[in-house]
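J.: give the three-dimensional model of this entry:
(chains A and B)
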There are 2 protein chains.
Amino acid sequence: MTLLVVGSVALDSVETPFGKAESVIGGSGTFFSASAMHLAPVQLVGVVGSDYPVEKLEPLRARGVDLAGLERADGTSFRWRGRYRHDLSSAETLETHLGVFSRFSPKIPEQFRRAPYVFLANIDPRLQLDVLRQVDRPKFVACDTMNFWIESRRPELLDLLTHVDMVTVNEGEARQLSEKYNLVKAARWIMERGPKVVVIKKGENGAYLFRGREIFFAPAYPLEDVFDPTGAGDSFAGGLMGYLARTGASDPAALRRAVIYGSALGSFAVERFSVERLLEIGRDDIAARVGAFRQLVAFEDELPA
Amino acid sequence: MTLLVVGSVALDSVETPFGKAESVIGGSGTFFSASAMHLAPVQLVGVVGSDYPVEKLEPLRARGVDLAGLERADGTSFRWRGRYRHDLSSAETLETHLGVFSRFSPKIPEQFRRAPYVFLANIDPRLQLDVLRQVDRPKFVACDTMNFWIESRRPELLDLLTHVDMVTVNEGEARQLSEKYNLVKAARWIMERGPKVVVIKKGENGAYLFRGREIFFAPAYPLEDVFDPTGAGDSFAGGLMGYLARTGASDPAALRRAVIYGSALGSFAVERFSVERLLEIGRDDIAARVGAFRQLVAFEDELPA
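T.: Numbering: from 1, shown residues only, chains lettered A, B, ... in the order given. Model prediction:
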């Protein structure tokens, strides 16, 4: 089944302890698409400026990402420059130029409006709500958000929560949104506002899936060499939603597997700059990593008398 | 099989956002014993001062902790006073009085010297080495340590590593010891110094078990109410070593299960002050929590074509 994503399509300049990348393709919509395309047909809605090297998105298009919803506007593209220190745990933002993204008003092409799976990446909740007004009763809608919107668009974000099936947030955002430190309580608070499912991303410390009283946990894959964490969360969301769209499911067992696929795709994303690694991998690589996740957590619980 | 532990037996005064406890029983040897006693007979070696309320250890003795190695010395007991803020992630030490512990020289009673499983809790590596000289070729030896010894007793600690089968350290200690930030590399570095098995504890973010190229991960149990994190790591080690001693095993499958038992016991420890919760629980509680761990990570990895 088709998966619609609305998010940013950006140019990233990244410095890590292992190297530098200058003006490489990035953004939430881009990472999400490069991840989800391994599992389902993707429809990407976003905006780029006249300076954007759209030919660099060609490998995504060739693998099933429909770019008909990628608007080209006069002006400069969204650019982000950041740096990671040796611990790679959080990016230091050096520069952000929103460019044409500051005036982004998502227009969902007619042929995208019946996508059964929809992901609203981290953009203004007013725009996320506007996207939902344009689509035709999707089967499953998920959204992401960030500290900036939690602070500046709280009423709109709370409104949005009543319209989505799932929220993916990192642990800091879950705490900020719910004003609860304990993540079990934070997830419950968010679920009480509408979403049946809450996913809390903890970066190198894995991810929780909450659904009613049920909790599932997936570790992050213990990579020996994390190269560039940029886009890990969006790639995770892409794998998760891609799995659901592929299977047409959203039941508890499918959600658990979806989180594992998300973790697998997220773990590939951080092995190279930009979407480089996501463009290299194939079905066998993904299957092998999902198998590695099983090995990572497998145990038999026998207690001899 | 019997499990010998050498560690501190202390009096803790703890303040958390949920309450205060004054001069309650604590220390690495105490938490380890109160956890491991659910799984195997424990022999505790430690020292207390003349002020220690030894009658408070009676519930441990009644459940199979042999206190014949608990020395009573003239002077004051090891006392620690600490405070946790709302995030409960790290203790702020307000006071430490080593008292008789500063002159601790472990004497292993004759009847303890053939214990097949030995845990050297966090004490001076010179004393840990001295314990190993007193015991009669145990089947499996594990040790803990801390930042202070890594800095001040590095040569002795590296010597100790050549004599133990397993090391349990937290992530900060693993990094400090190995001078490697990446935990996979840190674990490999430590294994190259002797131990076949390295366990890296990440507190609320779970624990890794490394053995050769194999990696196992156990999450921390997502408790809605963490009351007092004091002793979690030692209770984890107690459950882990207790499981190995109970089964007489140390093969890879047993080590995985042992980490889960460690995580289960550690999760009980933090539900009350001191060893209170560890004294309440029984076999059914532990079995139920181990089952909950299985539910927490269980998934089926099917990818429809």
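
J.: strands along the stretch 1-150 of chain A, start to end?
T.: A:3-6, A:10-16, A:19-26, A:42-48, A:65-72, A:78-84, A:91-97, A:117-120, A:140-144 (DSSP state E, counting those that start in this stretch).

J.: tell me what the third one is packed against?
T.: With contacts defined as 3 or more CB pairs under 8 Å, 6 or more residues apart in numbering or on different chains; DSSP states H and E, the secondary structure elements packing on strand A:19-26 are strand A:10-16. Placement of C-beta: from N, CA and C, glycine included.

J.: partners of the strand it packs on in the sheet?
T.: Under the criterion DSSP bridges, strand A:10-16 sits next to strand A:19-26 (antiparallel), strand A:78-84 (parallel) in its sheet.

J.: picking that back up, can you tell me which of the strands of the stretch 1-150 of chain A the model trusts least?
T.: Ranked by mean pLDDT, those end with strand A:91-97 at the bottom, a mean of 93.

J.: relative orientation of it and strand A:78-84 in degrees?
T.: Relative orientation of strand A:91-97 versus strand A:78-84 (axes from the mean of the first three to the mean of the last three CA atoms, to 10 degrees): 160 degrees.

J.: residues contacting strand A:91-97, please?
T.: Identification of contacts with strand A:91-97 by CB atoms under 8 Å, 6 or more residues apart in numbering or on different chains yields A:Ser13, A:Thr76, A:Phe78, A:Arg79, A:Trp80, A:Arg81, A:Gly82, A:Arg83, A:Tyr84, A:Arg85, A:Pro229, A:Thr230.

J.: how about the residues of the stretch 51-200 of chain A near chain B?
T.: A:His86, A:Asp87, A:Tyr181, A:Asn182, A:Leu183, A:Val184, A:Lys185 (CB under 8 Å from any CB of the partner chain).

J.: try 6 Å this time
T.: Near chain B, the residues belonging to the stretch 51-200 of chain A are A:His86, A:Tyr181, A:Val184 when assessed by CB under 6 Å from any CB of the partner chain.

J.: and the residues you listed as JSON lines, adding neighbour count?
T.: JSON lines is the format used below for those (neighbours: other CB atoms under 10 Å in any protein chain shown):
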{"residue": "A:His86", "neighbour count": "10"}
{"residue": "A:Tyr181", "neighbour count": "17"}
{"residue": "A:Val184", "neighbour count": "17"}
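
J.: closest to chain B among these?
T.: For those, the minimum distance to chain B (CB to the nearest CB) is 4.4 Å, reached by A:Val184.

J.: list the contacts of the closest one.
T.: B:Pro222, B:Glu224 (CB atoms under 6 Å, 6 or more residues apart in numbering or on different chains).

J.: on that earlier part again, which of the contacts of strand A:91-97 are buried? Put it as a PyMOL command.
T.: Of the contacts of strand A:91-97, the buried ones go into a single PyMOL selection, burial set by 16 or more other CB atoms under 10 Å in any protein chain shown:
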select buried, chain A and resi 13+76+78+79+80+81+82+84+229+230
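
J.: which of the contacts of strand A:91-97 lies closest to A:Phe293?
T.: Nearest to A:Phe293 out of those is A:Pro229 (CB to CB; 18.5 Å).

J.: doesn't the closest one belong to a strand?
T.: No. When classified by DSSP: H, G, I helix; E, B strand; the rest coil, A:Pro229 is found to be coil rather than part of a strand.

J.: that one against A:Val270, yeah?
T.: Yes. The pair A:Pro229 and A:Val270 passes the contact test of CB atoms under 6 Å, sitting 5.2 Å apart.

J.: ok, back up a step: can the strands of the stretch 1-150 of chain A go into TSV with extra columns for distance to A:Leu296?
T.: Rendered in TSV, the data for the strands of the stretch 1-150 of chain A read as follows (distance: least, CB to CB, whole Å):
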stretch	distance to A:Leu296
strand A:3-6	27
strand A:10-16	25
strand A:19-26	28
strand A:42-48	28
strand A:65-72	30
strand A:78-84	24
strand A:91-97	26
strand A:117-120	26
strand A:140-144	25
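
J.: which stretches in the stretch 101-250 of chain A count as helices?
T.: All helices of the stretch 101-250 of chain A, identified by DSSP state H, counting those that start in this stretch, fall at A:125-134, A:147-152, A:154-161, A:171-178, A:183-192, A:232-247.

J.: what angle do strand A:42-48 and the longest one make with each other?
T.: With the same axes, to 10 degrees as the criterion, the two stretches helix A:232-247 and strand A:42-48 enclose an angle of 140 degrees.

J.: give the buried residues for helix A:232-247.
T.: Neighbour-count burial for helix A:232-247 [16+ other CB under 10 Å]: A:232-247.

J.: who are the packing partners of that helix?
T.: When contacts are defined as 3 or more CB pairs under 6 Å, 6 or more residues apart in numbering or on different chains; DSSP states H and E, helix A:232-247 sits against helix A:28-36, strand A:117-120, helix A:252-269.

J.: partners of the second one, with directions?
T.: Right, the one you point to is strand A:117-120. For strand A:117-120, sheet partners with direction are given as strand A:3-6 (parallel), strand A:140-144 (parallel), following DSSP bridges.
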